[in-house]
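In: I'll drop the sequence and a predicted model, then ask my questions.
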Amino acid sequence: MSLPDTLPAPLNSSVSVDRRPILIDTDLSFDDYVALLFLLQHPAVDVRAVTVANGVVHVQPGLENAARLLALAGRMEIPLARGPAQSLSGRTDFPAIWRLLTDYGTRPLLPRQKAPRAPCDAPTLIRQQILASPAPVTFVALAPLTNLALALQADPELVQHIETIFVSGGAFTVPGTIHKDIPGHPNTVAEWNFYTDPLAARLVFQSGVRIALVPLDVTHVHGSSPLLFSRAAVRALRSAARGKASRVLVRFIHIWQLMNKQFLATPLWDAAVAALVVDPQLGAWRESQIDVIQEPQALAGQTLETADGPYSIQVCYAGNQPAFETAYLNLVAGRLNELAGAE
């Protein structure tokens, strides 16, 4: 399917574009580190701010980890802020052991760096950066949508200054949760970002902002054409990686591959979203009518694609696996500046 008119042009498009200003909202899960290191190093985008949302990470350790990541990438000039410690829906139901590992388990891979004192909270920083940008911004939502929902509630006119919001969330034809082996956990149907704050998802979707949704269908091993990291691709990345940040990016992928049951084709969900932000043509898209369930509680956060869904958005339903792997290979090998200059 051709690139929808509602999505930005990719780096290799014939359309001449300057570096695209982007804001990243993250809950610093393992896949978020790969996504952030990809975007922080990519010559097609200009990361203007990083905000931390309550999700799998607690927001204060997440802020500290984000500062370490920016130090690794040599981008400490990028402002940081954290959002509230609780979602709008009042849900923080990630398993406690996951949160502990996310808060502190990645630090051996990152340099020591004290988090700067944030001048404001995440919703305020989002609003400031959107209004300060001379060009419409692309918002990259890799976490529950709490921070963005609060920013849009405070200033609904922000939607006029946003190019597109790329949302990592939802699931339609694949299981919404990949952890049914957690005894007694109440989440059995919803993708985690929407499960954690279904109210925030609804507020963002009904704001009228342009949304490109990347659901688990294109990042899950059971998707029809998902974007994954094969064993061969990870070997190639390890051999090609140049520079400390790229080598750490590949280490995150490799460690997750070794920890993952799907060893032959490893999902790193937000890493796929980052590649699609830069080049939407890595995916196949369709306009869909969707809904995010709010009640009953057992189904809250579940996404449904229906003929009369209240929200009409662009949904990525399949990906180009070879092109995705090449995008990461070119980045870690340091070839993207050369390729961009040749366009």
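Out: Good, I have the coordinates.
In: tell me the average confidence for stretch 336-343?
Out: Mean pLDDT, computed over stretch 336-343, is 54.
In: To clarify, my last question referred to stretch 279-294.
Out: Here the average pLDDT along stretch 279-294 is 93.
In: Just the CA trace of it, in CSV.
Out: Taking Å, rounded to 0.1, in the frame of the first residue of the first chain, the C-alpha atoms of stretch 279-294 are listed here in CSV:
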residue,chain,number,x,y,z
ASP,A,279,10.2,6.0,7.3
PRO,A,280,6.5,5.1,7.3
GLN,A,281,7.0,3.2,4.0
LEU,A,282,8.5,0.4,6.1
GLY,A,283,4.9,-0.5,7.0
ALA,A,284,1.6,-1.0,5.2
TRP,A,285,-1.2,1.3,6.4
ARG,A,286,-5.0,1.6,6.2
GLU,A,287,-7.5,4.0,7.6
SER,A,288,-9.5,2.2,10.2
GLN,A,289,-12.4,2.9,12.6
ILE,A,290,-11.4,1.8,16.0
ASP,A,291,-12.5,2.0,19.7
VAL,A,292,-10.6,1.7,23.0
ILE,A,293,-12.7,-0.1,25.5
GLN,A,294,-13.2,1.7,28.9
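In: Please identify the helix or strand for Val315.
Out: strand 311-319 (DSSP states H and E).
In: Show me which residues of the helix or strand just after that strand are buried.
Out: The helix or strand immediately downstream of strand 311-319 is helix 321-332, counting by DSSP H and E. For helix 321-332, a neighbour-count test (16 or more other Cβ atoms under 10 Å) marks 321, 324-332 as buried. Yep, even glycine has a C-beta here, placed from its N, CA and C like the rest.
In: swap in stretch 232-249?
Out: Judged by neighbour count using 16+ other Cβ under 10 Å, the buried positions of stretch 232-249 are 233-234, 236-237, 240-241, 245-246, 248-249.
In: Same question for stretch 214-225.
Out: Within stretch 214-225, judged by 16+ other Cβ under 10 Å, the buried ones are 214-221, 223.
In: Spell out which two among those residues are the most distant pair, please.
Out: Val214 and Val221 (15.5 Å; Cβ to Cβ).
In: hmm, back to that, quick check, nearest of the buried residues of stretch 232-249 to Trp256?
Out: Val234 (9.6 Å).
In: quick one, what contacts that closest one?
Out: Val234 is in contact with 250, 253-254, 257, 266, counting by Cβ atoms under 8 Å, 6 or more residues apart in numbering.
In: State the distance from it to Phe38.
Out: Here Val234 is placed at a distance of 15 Å from Phe38 (Cβ to Cβ, to the nearest Å).
In: so where do the strands sit in the protein?
Out: In the chain, the strands defined using DSSP state E lie at 20-26, 45-52, 80-82, 137-141, 162-168, 211-214, 229-230, 265-266, 283-292, 303-305, 311-319.
In: okay if I get those as CSV plus distance to Asp197?
Out: Shown next, in CSV, are the strands of the chain (distance: least, Cβ to Cβ, whole Å):
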stretch, distance to Asp197
strand 20-26, 12
strand 45-52, 14
strand 80-82, 15
strand 137-141, 11
strand 162-168, 12
strand 211-214, 15
strand 229-230, 28
strand 265-266, 27
strand 283-292, 10
strand 303-305, 13
strand 311-319, 16
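In: Out of these, name the one with the poorest average pLDDT.
Out: Among these, strand 265-266 scores lowest, at a mean of 79.
In: Pretty sure Ala73 sits against Leu39.
Out: No - the criterion here is Cβ atoms under 8 Å, and Ala73 misses it with Leu39 at 9.6 Å.
In: ok, these two, which is more surrounded?
Out: Counted by other Cβ atoms under 10 Å, Ala73 and Leu39 do not tie: Leu39 has more neighbours, with 24 against 21.
In: ok, the nearest residue to the more buried one once chain neighbours are set aside - contacts?
Out: Counting by Cβ to Cβ, 6 or more residues apart in numbering, the nearest residue to Leu39 once its immediate chain neighbours are dropped is Ala274, at 5.2 Å. Taking Cβ under 8 Å, 6+ apart as the contact definition, Ala274 lies against 34-36, 38-39, 140.
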